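>>> Model the following, please.
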Amino acid sequence: MTDHRLIEITPATHGVDIDLVYATDRNLTGRPIYRAAHCLLLEPAEAALRRAVELAAQIGMTLRIFDAYRPPQAQQVLWDFLPDPTYVADLSRGSNHSRGTALDLTLLDAQGDELDMGTGFDAMTIASEHFHAGLPVQVQRNRMLLLGVMHGAGFTHIKAEWWHYELPGSRALPVIDNSESGPLRLM
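Alright, predicted model coming up:
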């Protein structure tokens with residue numbers, strides 16, 4: 001993974017549903033933190049996403065993406081709002097979203113409805129953990145279904161967020177600064 005080219009993800013090119021919540025006020029900060037709603041991934045993550053889309057389609061599902069590449073400036077806004085490393089990566093460590101290798105997503109059924117995952121996206125609570133005990137059986141099944149699709153495509157998960165997936169080895173990559181105010185540059 002040495003190429004740092006970000007690829008745009010669209011419903012037309014990738015067969016996904018996109019709802020970039022950080023480009024809206026429907027996120028944990030209550031205000032938009034992206035200047036524009038661009039869904040981008042680093043080439044290896046984009047290739048893995050294509051595999052995930054194929055796997056989801058085999059079970060009659062579609063992926064809905066809530067977030068993908070996140071500029072470091074947006075990561076700072078999230079950290080300033082919720083400086084809790086359980087849920088938000090400190091800029092000194094860098095987020096895998098800012099490396100273009102992580103995405104937040106869920107599954108949609110054949111009618112276009114989100115599967116019940118027990119909590120909403122960005123619900124920063126213990127109930128958002130992948131294997132949180134005490135959730136209804138159907139919620140556990142839905143989370144396991146998403147986990148199977150994403151692992152099958154080559155992604156890994158983090159404990160705290162059922163919606164977050166990333167490529168293994170992402171921390172070895174540099175943070176990509178692709179802010180709207182300037183050219184693509186690596187930090």
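>>> can you give me the helices in this protein?
Assignment of helices within the chain using DSSP state H yields the ranges 11-14, 43-58, 72-81, 137-152.
>>> of those helices, which approaches residue 170 most closely?
Of all the helices of the chain, it is helix 43-58 that lies closest to residue 170, at 8.5 Å by Cβ to Cβ. In short, each C-beta sits where N, CA and C put it, glycine included.
>>> contacting residues around the spatially closest residue to residue 81 that is not a sequence neighbour?
Leaving aside its chain neighbours, residue 81 sits nearest to residue 29 (4.8 Å; criterion: Cβ to Cβ, 6 or more residues apart in numbering). Residue 29 sits next to 77, 78, 81 when contact means Cβ atoms under 8 Å, 6 or more residues apart in numbering.
>>> what about the strands in the chain?
6-8, 17-18, 40-42, 62-67, 102-108, 156-157, 164-166, 176-177, 185-186 (DSSP state E).
>>> and those strands as a markdown table, adding distance to residue 116, mean pLDDT and mean neighbour count?
Below are the strands of the chain laid out as a markdown table (distance: least, Cβ to Cβ, whole Å; pLDDT from 0 to 100; neighbours: other Cβ atoms under 10 Å):
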| stretch | distance to residue 116 | mean pLDDT | mean neighbour count |
| --- | --- | --- | --- |
| strand 6-8 | 30 | 96 | 17 |
| strand 17-18 | 17 | 98 | 18 |
| strand 40-42 | 26 | 97 | 23 |
| strand 62-67 | 13 | 98 | 21 |
| strand 102-108 | 10 | 98 | 24 |
| strand 156-157 | 18 | 98 | 16 |
| strand 164-166 | 18 | 98 | 25 |
| strand 176-177 | 34 | 89 | 20 |
| strand 185-186 | 39 | 36 | 12 |
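>>> Using CSV, please lay out those together with distance to residue 143.
Shown next, in CSV, are the strands of the chain (distance: least, Cβ to Cβ, whole Å):
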stretch, distance to residue 143
strand 6-8, 27
strand 17-18, 18
strand 40-42, 22
strand 62-67, 14
strand 102-108, 10
strand 156-157, 10
strand 164-166, 12
strand 176-177, 29
strand 185-186, 34
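>>> From what I see, residue 130 and residue 147 are in contact.
Yes - Residue 130 is in contact with residue 147 according to Cβ atoms under 8 Å; the separation is 6.6 Å.
>>> Perfect, I'm done here.
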